[in-house]
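1. Below are the sequence and a predicted model for it; my questions follow.
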Amino acid sequence: MDVKDGVLHAFREELGELYYYHGSSKNWTMMNYHYHETCELILSMSDGVTIYIGKHSYTANRGDLFLIRSEEFHRVKPIANSNYARYVLMFDLARVRRLVEPLGYNFLRYFEEPSDTFVPKLSLPPTVLATMTELMNRLDPLYSTCKEPHSLALIYLLIAQMLIHVQDLYDFFYQDHPPALERNDVSFEIHDNSKDRIQQIKQFICDHIEEKLSLNLIAEQFFISKYYLSHYFRKETGFSIMQYIAMQKVIRAKHMLKQGYSITSIAMTLGYNSDSHFISTFQKYVGTTPKRYVLRLKDDQDA
């Protein structure tokens, strides 16, 4: 947990009005508590996950669905060294709310008017889990074209169906017998310093520079959309994230050259496609080839 001296530090994320993810990640972890304007559904397809929402923590197993309201602090912590499978859906509550009046049914009560005993967790029965995953899977082909009005309309109709199922389940299971909370009391401090966030991303890149790094991987690691990450990183650093990765690889390569590693060994270690790819990238950022760089180091030592 990101708690220091009894104070929780969280970051605000700007994710846009819609975000959808379905898949599995190995050794994935959310670096910090965060919060965002969108509401969120998390459907765990793995066991033994810990989800922190507000001042409480919950154990999530396969088939557990979590409701996260707008601006609500939260963090997900899977079991270490495990595959974490899940569905994640973030959406604009205001856009969904427009469907309430024409449908004649307010299916947003648990997002907009939660009681003091509200528990944002539902353990879905097998038949409901099958329905929910079927609805989520129908988002897959639509999300790639969500900028198109037709696709966006279909997406929000699917979201409305999901929320109707969710509200019906809450009414059936929890209205008279709400479950006990798993408490994890902390105090909160909103810590929205973008430079700290950028520093964490930079540190992650440096710590994993010998691995295959991509915009998608880093965005997933920090629970940020790749489009926002690209804009966010360039705004704060002046570089694209891929430029920064390339520069950090070159810095590591220079260190390895000083230690006597061969060009081939460095290219393999740092994930370059070939020796020539490494050489051209090195020359682009250093202004000389790796071989000439080593010769210059020897000349400096002999001087």
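-> Thanks, I have the structure now. Numbers count the residues shown, from 1 in each chain.
2. CA atoms only for stretch 277-293 - export them in PDB, please.
-> What follows is stretch 277-293, C-alpha atoms only, in PDB (Å, rounded to 0.1, in the frame of the first residue of the first chain):
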ATOM      1  CA  HIS A 277      20.000  -2.000 -35.400                       C
ATOM      2  CA  PHE A 278      22.000  -1.400 -32.200                       C
ATOM      3  CA  ILE A 279      24.900   0.300 -34.100                       C
ATOM      4  CA  SER A 280      22.500   2.700 -36.000                       C
ATOM      5  CA  THR A 281      20.600   3.500 -32.800                       C
ATOM      6  CA  PHE A 282      23.800   4.100 -30.900                       C
ATOM      7  CA  GLN A 283      25.200   6.400 -33.600                       C
ATOM      8  CA  LYS A 284      21.900   8.300 -33.700                       C
ATOM      9  CA  TYR A 285      22.100   9.300 -30.000                       C
ATOM     10  CA  VAL A 286      25.800   9.400 -29.400                       C
ATOM     11  CA  GLY A 287      27.100  10.700 -32.700                       C
ATOM     12  CA  THR A 288      29.500   7.900 -33.300                       C
ATOM     13  CA  THR A 289      29.600   4.100 -33.600                       C
ATOM     14  CA  PRO A 290      30.000   1.800 -30.600                       C
ATOM     15  CA  LYS A 291      33.400   0.700 -32.000                       C
ATOM     16  CA  ARG A 292      34.700   4.300 -32.300                       C
ATOM     17  CA  TYR A 293      33.200   5.100 -28.900                       C
END
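3. State the mean pLDDT of it.
-> The pLDDT scores in stretch 277-293 average 92.
4. Residue numbering should commence at 39 henceforth.
-> All set: I'll call the first residue 39, so the last point we hit is now stretch 315-331.
5. Can you list the buried residues in that stretch?
-> Phe316, Ile317, Thr319, Phe320, Pro328, Tyr331 (16 or more other Cβ atoms under 10 Å). Just so you know, the C-beta spots here come from the backbone N, C-alpha and C atoms, and that holds for glycine as well.
6. Residues touching it, excluding its own?
-> 284-285, 287-288, 291-292, 295, 301, 304-305, 308, 310, 334 (Cβ atoms under 8 Å, 6 or more residues apart in numbering).
7. can you do 10 Å?
-> Stretch 315-331 is contacted from outside by 281, 284-285, 287-289, 291-292, 294-296, 299-302, 304-313, 332-334, using Cβ atoms under 10 Å, 6 or more residues apart in numbering.
8. Would you mind giving me the PyMOL syntax to select the buried ones in those residues?
-> The PyMOL selection below is limited to those of the contacts of stretch 315-331 classed as buried (16+ other Cβ under 10 Å):
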select buried, resi 284+287+288+291+292+294+295+299+301+304+305+307+308+310+313+332
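9. coming back round to it: right, and out of the buried residues of stretch 315-331, which lies closest to His203?
-> Distance ranking of those against His203, using Cβ to Cβ, places Thr319 first at 50.8 Å.
10. List the buried residues in stretch 132-142.
-> Those would be Val134, Leu137, for stretch 132-142 by 16+ other Cβ under 10 Å.
11. ah, wrong one, I meant stretch 84-102
-> 84, 87-92, 94-96, 98, 100-102.
12. Quote the end-to-end distance of that stretch.
-> With Cα to Cα, to the nearest Å as the measure, the first residue of stretch 84-102 is 9 Å from its last.
13. Check the offset of that stretch from the chain's centre.
-> The chain centroid and the centroid of stretch 84-102 are separated by 16 Å under Cα atoms, centre = their mean, to the nearest Å.
14. if you average pLDDT over that stretch, what comes out?
-> pLDDT averaged over stretch 84-102 gives 89.
15. can the buried residues of stretch 315-331 go into CSV with extra columns for distance to Thr165 and secondary structure?
-> Output for these, formatted as CSV (distance: Cβ to Cβ, whole Å; DSSP: H, G, I helix; E, B strand; the rest coil):
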residue, distance to Thr165, secondary structure
Phe316, 55, helix
Ile317, 59, helix
Thr319, 54, helix
Phe320, 58, helix
Pro328, 61, helix
Tyr331, 64, helix
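16. which of the residues you listed lies closest to Ala191?
-> The shortest gap between Ala191 and any of these belongs to Thr319, at 44.6 Å (Cβ to Cβ).
17. now that closest one: how far from Met294?
-> To Met294, Thr319 is 14 Å away according to Cβ to Cβ, to the nearest Å.
18. okay, and the common contacts of those two?
-> By Cβ under 10 Å, 6+ apart, the residues touching both Thr319 and Met294 are Leu308, Pro328.
19. Could you break the protein into its assigned domains?
-> Per automatic domain parsing, the structural domains of the chain span 41-227, 232-340.
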